[in-house]
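Novice: Output the structure for:
(chains A, B and C)
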Amino acid sequence: MISGKETLGLLLTMRINQNNVFLVLFLCLIMNFTHAIDSGLAFSDPKLQQRYETLISEIRCLVCQNQSIKSSNVFLAVDLRNEVKIMISEGKSNKEIANFLADRYGEFVLYRPRFKPNTIFLWLSPFIFLMIGMFVVYKVVRKKIIT
Amino acid sequence: MFPEIGHFALILALVVSLCQGSVSLYGAAQQNKDLITLSRPLAHTQSLFVLIAFACLVYSFVSDDFSVLYVASNSQLALPLLFKVSAVWGAHEGSLLLWILILSSWTTLVCLFSKNLPDIFSSRVIGVLGFLNFGFILFTLFTSNPFERIFPSPLDGNDLNPLLQDIGLAIHPPILYVGYVGFAVAYAFAISAMLSEKLDKNWAKWTRPWTTAAWLFLTIGIALGSWWAYYELGWGGWWFWDPVENASFMPWLIGTALIHSLAVTEKRGVFISWTLLLSVSAFSLSLLGTFLVRSGILISVHAFATDPERGLFILIFLISVIGGALLLYAKKASDLDKKVSFGAVSRETFLLLNNVLLVIATILILLGTLAPLVLEVFNMGKISIGAPWFEIAMLVPMIPLLILVTMGMHSLWIKDSSFNLYKKLRSPLGIATLVGIVIPTVFYGRSGLLLLIGSIISIWIIISSSLSLRSSWKNNQGRFQINRSVAGMSIAHLGLGVFVFGVTIVSSFGVETDRGFSLGDQISVAGYEYKLNSIENVKGPNYEAIEADISVFDGSELISHLRPQKRTYLVQKSPMTEAAILAKWNKDLFVALGDSLGNDSWSIRIQYKPMVRWIWLGCLIMALGGLIAISDKRYRR
Amino acid sequence: MKKHYLPILFFLAIMPIFFIGLDRDKSVLPSPLIGKKIPEFSLPSLINSELQIDSSELLNNTFLFNVWATWCVGCLEEHDFLMKLSESNEIPIVGLNWRDNHNDALAWLRDYGNPYTIIAEDVSGRVAIDWGVYGAPESFLVNSNGIILHKHLGPLDDDIWERDFRAIINDAN
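Specialist: Just a heads-up that it's a prediction; the model follows:
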C-alpha cells in the first residue's frame, strides 16, 4: 500500500517523459482527490473564511496538473494554505499575499494574473473585442440598410 | 487472432478511405458520373472495416486478452463488464479508434440521408469526409496503434484508471465525440459548397439538421462531463476553465453561432460567407481541441498521454485541414455574398449581434487558454490564467448576449420596430424583474448586482421562450399543428434560461464547509443537520472502502442517510473519494469523506448546492429543443 | 475581397506558436529568486539540535544549497554525485532537510554518507517556502555575497553540473 508521502516523493522526483506521464498524472489526481478536506474551518469569522476560501482557490498547486491549493492536499498545498491562513490573520491584504507568493514562486502560482506589462492586453481584451465587434455590426447593418 | 483481424481491418479502412476521398472528389471535379456513384459504396465499405476493427478491440477487452498492450494497460480480470467496454475509449489509442468509428458512422448517415442532394455535391461531401478519416486512421496506425501486442503477456492487467470507472465517464466520451466529430459534416458541406461553381441556394437548408444534431450531442456531452466532475471529484465544482474543458466549449460556442447563422442564410440568403467561415471554424476548433489535449502542450487534469511526436503529427494534419479550408474560403467567399437588405431593428440584426458576441466569447476563451503559451514562447514570462480571469472575461460578451436573446426570439425578419418589441417584451420583463428580485431575497435571503442581473435575465428568457413556444402551435379547424422549428427554438432558449438561473443561484448561494466529526456528533450547515452515525469497512468488486453513515435532518425530521466512501482499488492501490449526494429538484446536499483525525474522528466536507441540477437540466432542455427542431417536416421531404 | 484573407492569416500567425510550444519542457518553472539575495532564516542543525544555523553565517563562500528529504526518490539518485562533489572540495554543500522525520534523516545520512558541511532542519517547511521550493531535490547556486545565481530542479549529475553550474562557478570566483 503506497503511502501519501511516498506517492508525493515519487511525484516530485520523477522526470516526466512520455512513458510515465500518465502515471504521474494519475498519481497527482488520486492523491489530491482523496485527501483534499481540512479538519475544520480555518476562521470562525465567516467573512475571513470566505476570503480565505476564495484566495486559496486562486493559488496554483505547483505539483499538480492544474489544480488549486484548495482542492489538493499534497503537503505543498497544505503548507501554502497554512501560510495564507497566517497572513490573513496577520491582517495582510489579498494583494500582499499575492505578492508574497509571486516573489517566491513566480507569477505562475497565481491563477488571477496580476496587472503587469505583459498582461495588460489580456485584461483589456474583453472590452477591446467588444468594441471591435460592435463596430463590425454597425458597419454591416449600415451597409444593409442603404442597399 | 482478433487483434490481428482488427489491425488488418483498420489498414483496409485506411486504403478504402483514401479511395473514398480521391475518387469522390476527383469524380466530382470531372463530373464523372461513374466515379461519383462509387462514393457511397466506398464510404460504406470503409465504415464496415472500421466497425470490424472497433469490434475486435471491444472483444479483446471483454475476453481479457492481455496480450494486447492497450488492454493490459487499461483493464483487469475483476473489472466489471460495463467498464471493460468503456475502457476501450479510456485512453489515447482507443479513444482515437472511437473517434474514427464515429466519423465513419456520420459518413454512413450522410450517405443514407442525402438522396435529395445533387450527386456532385454529396460526392464532394463524402470525399472530404473520406480524407478526414484517412488522416485520423493514418495517425492512429502510425503513432497510436491500439492493437500493439505485449510479450510476454501479463496474467492480469493494470486496471482501468479508477476515476474512469463510473457510468457518467463511461458515456461522456462517446456522446462528446458524436458532437465534436459531427461538426465535420458541416465542414464537409461548406467545402463542397465552396468547390462548386455556383452555390446552391438550398445549401444552408441541407446543412442545418446535421449541424443541429452534432450541436445537441455536444451539449449533452459537455453537460455530462460537468455533472461527472461535480459528483466524482468530490469538491462540488462543475466547471474549472481547464484547458481541455475550454477545448470543448469553444466548438460549442461557434456551433451555436453556426446554427443561428444557418437560420439566417436559409431564411434570407444573407451572411453566406459568415456561415461558411463558421462551418469551417466549428470543426477546426474540434480538431484544435484534439491537438491541445493529446500533445502535452498545455497543463491539464484531463490531458491524455502527452507525446510531442504525436502532437507534431496532429499539428500537421490541423494545418492541412484548417489551412486548406481557410485558403479556399479566402478565394471563394467573396463570390458568394448576396445583396439583400434588412432594417436596423430586425431579426437579422439581432442574430448578427448574437453571432458576433459568441465569436468574441470564443476568441476570449482561446486567448485565455493560449496566452500563457504565447508569453512563454516569446520569453515574456510564465503566467497562469485561471477561473478568476475567465469568469470576468466571459461576463463582458455574455451579459449583452443574454439580454438580446429575448429580443432576437421575438423580432420579425426584415424589418421590425423597437416599439413593437417593447410591447411584446415589457410584460415578461416586468414579471421577470419582480420574480427575479423576489426569489433571491425572499427564498435565499440575499441580493447583489450580478445576482439580480442573472436572476432577472434568466427568468425573462424563460418567460419569453414560453410565449414563443405557445405561438408555435395552433388549432387548425380541430387539427393540432406544431411548427417544430419554432417549438424547438423556443425550448432550446428555455433551456438556456434554466441553465443561467441554475448557475446564478448556485454561484451566489452555494455553501461549502469542512468539519471534524466524532461519532455521534451533529453539526448544522446551511439549515440542515448532519449526524455521523458510524464508520465501517465495506467491499466492492475490485475495491475495498471505508464508509461513513451520516443522517441528514431537516429540523427534527430525518430526510436521508448519506453514505460517502473512501475507496482503495485493489490493483492500482489508489484511494478514491466517492461523495454521497442527496439530490432534489431545487438543491443538492453533498457529503464527502476526508481523513481520519484519530480517536474515531473524521474530517467531512459538506456542501449545500441550491438549484445546481438546473445547470444540467438546462443543457438537456437545450438539446431537446435541438432534437425537436431537426424533426421538422421540411427536412423529411 | 481582402477581408476574407483575415482568417487564414490569423491561423498562420498562431501555428508557429504551437510548433515552438511542442518543444518546451513544461516542468521547468523559472525562479523569481535568481539574482536576489538568499532569504534570511534561522533553523536548528540536523546533526546537533542545540546548534542554531543562521543564514548570515553562510555568506563567506560560493556554495550549493541543496533541498533534500528521505522520502524523496530523486535525492537518493543524486546522492552519489553529491558525495563525489563534496569529496572534490569544489564547493561547500549546505543541506536543507525538508519536511522530514528527524531520526529517519540521521539514519539516511549514516547509511548513505553525508556530503553536507551544514544541514538545516526545516520540519514545518516554512523556510522552504521562502526559497520557492516546490519539489525535491532542488539545488541553488549562491555566491559569496549571498546572491542566488542559479536554481536546478531535480537530481544533479555530472552532465548537468558541467553544463549549467561549472561556468557560473568559475565566473563567481
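Novice: Only C-alpha atoms from now on, for both contacts and neighbour counts.
Specialist: OK.
Novice: Quick check: phi and psi on the residue nearest the centre of chain C?
Specialist: Centroid check for chain C by Cα atoms, centre = their mean gives C:S139 as the closest residue, at 2.1 Å. When quoted as degrees, to the nearest 10, the phi and psi of C:S139 stand at phi -130, psi 140.
Novice: any idea which element the closest residue to it other than its chain neighbours lies in?
Specialist: Once flanking residues are discounted, C:S139 sits nearest to C:N66: 4.4 Å by Cα to Cα, 6 or more residues apart in numbering or on different chains. C:N66 is located in strand C:63-68, with elements delineated by DSSP states H and E.
Novice: Please report phi then psi for B:S603.
Specialist: The phi and psi torsions at B:S603 (degrees, to the nearest 10) take the values phi -90, psi 140.
Novice: does it have beta-bridge partners, and which?
Specialist: B:G516 (DSSP bridges).
Novice: The one 4 residues further on too?
Specialist: B:Q607 has the following beta-bridge partners by DSSP bridges: B:E512, B:F590.
Novice: shouldn't it be in contact with B:A583?
Specialist: No: between B:Q607 and B:A583 there is no contact under Cα atoms under 8 Å: 11.8 Å.
Novice: Flag the shaky bits of chain C, pLDDT-wise.
Specialist: C:1, C:25-27, C:173 (pLDDT under 70).
Novice: Which residue ranges of the chain form helices?
Specialist: You didn't say which chain, so I picked chain A. With helices called from DSSP state H, chain A shows them at A:4-13, A:21-35, A:46-57, A:75-89, A:94-105, A:120-146.
Novice: think we crossed wires, I meant chain C
Specialist: C:6-23, C:73-88, C:102-112, C:126-130, C:158-160, C:166-172.
Novice: Which residues does the last one contact?
Specialist: I take that to be helix C:166-172. With contact meaning Cα atoms under 8 Å, 6 or more residues apart in numbering or on different chains, helix C:166-172 is reached by C:T62, C:N143, C:L149.
Novice: As JSON lines, those residues with neighbour count and distance to B:L285 would be great.
Specialist: Below are the contacts of helix C:166-172 laid out as JSON lines (neighbours: other Cα atoms under 10 Å in any protein chain shown; distance: Cα to Cα, whole Å):
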{"residue": "C:T62", "neighbour count": "23", "distance to B:L285": "52"}
{"residue": "C:N143", "neighbour count": "24", "distance to B:L285": "50"}
{"residue": "C:L149", "neighbour count": "19", "distance to B:L285": "43"}
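Novice: pretty sure B:W239 belongs to a strand, no?
Specialist: No: counting by DSSP: H, G, I helix; E, B strand; the rest coil, B:W239 is not part of a strand but coil.
Novice: Is there a neighbour count for the residue lying closest to it once chain neighbours are set aside? I'd like the number.
Specialist: Residue nearest to B:W239 in three dimensions, not counting chain neighbours: B:S226, with 6.2 Å by Cα to Cα, 6+ apart. Per other Cα atoms under 10 Å in any protein chain shown, the neighbour tally for B:S226 reads 20.
Novice: Next, give phi and psi for B:S226.
Specialist: According to degrees, to the nearest 10, B:S226 has phi -70, psi -50.
Novice: can I assume it is in contact with B:F240?
Specialist: No: with contact defined as Cα under 8 Å, B:S226 does not reach B:F240; the gap is 9.1 Å.
Novice: what pLDDT does A:Q49 get?
Specialist: At A:Q49, the pLDDT value in this model is 88.
Novice: Check the contact between it and A:L55; I expect there is one.
Specialist: No: at 9.8 Å, A:Q49 does not count as touching A:L55 under the criterion of Cα under 8 Å.
Novice: of those two, who's got more company?
Specialist: The neighbour count for A:Q49 versus A:L55, taken as other Cα under 10 Å, is higher for A:L55 (23 against 17).
Novice: Ignoring the adjacent residues along the chain, who's closest to that one?
Specialist: A:N94 (7.5 Å).
Novice: and that neighbour, how many neighbours?
Specialist: 15.
Novice: That one and A:R112, how far apart?
Specialist: 12 Å (Cα to Cα, to the nearest Å).
Novice: Ok, C:I20 next?
Specialist: Applying Cα to Cα, the value for C:I20 to A:R112 is 25 Å.
Novice: neighbour-wise, which of the two wins?
Specialist: Between C:I20 and A:R112, counted using other Cα under 10 Å, A:R112 has the larger neighbour count: 22 against 15.
Novice: Check what pLDDT the closest residue to B:W89 other than its chain neighbours gets.
Specialist: Among residues not flanking B:W89 along the chain, B:S95 sits closest, at 4.1 Å (Cα to Cα, 6+ apart). We have a pLDDT of 92 for B:S95.
Novice: My understanding was that B:S95 contacts B:V88; is that so?
Specialist: Yes: using Cα under 8 Å, B:S95 is in contact with B:V88, at 7.1 Å.
Novice: Neighbour count for these two, which is higher?
Specialist: Legend: neighbour count by other Cα under 10 Å for B:S95 and B:V88, higher for B:V88 (29 against 20).
Novice: residues touching that one, list them.
Specialist: Per Cα under 8 Å, 6+ apart, neighbours of B:V88: B:L57, B:V58, B:F61, B:V71, B:G94, B:S95.
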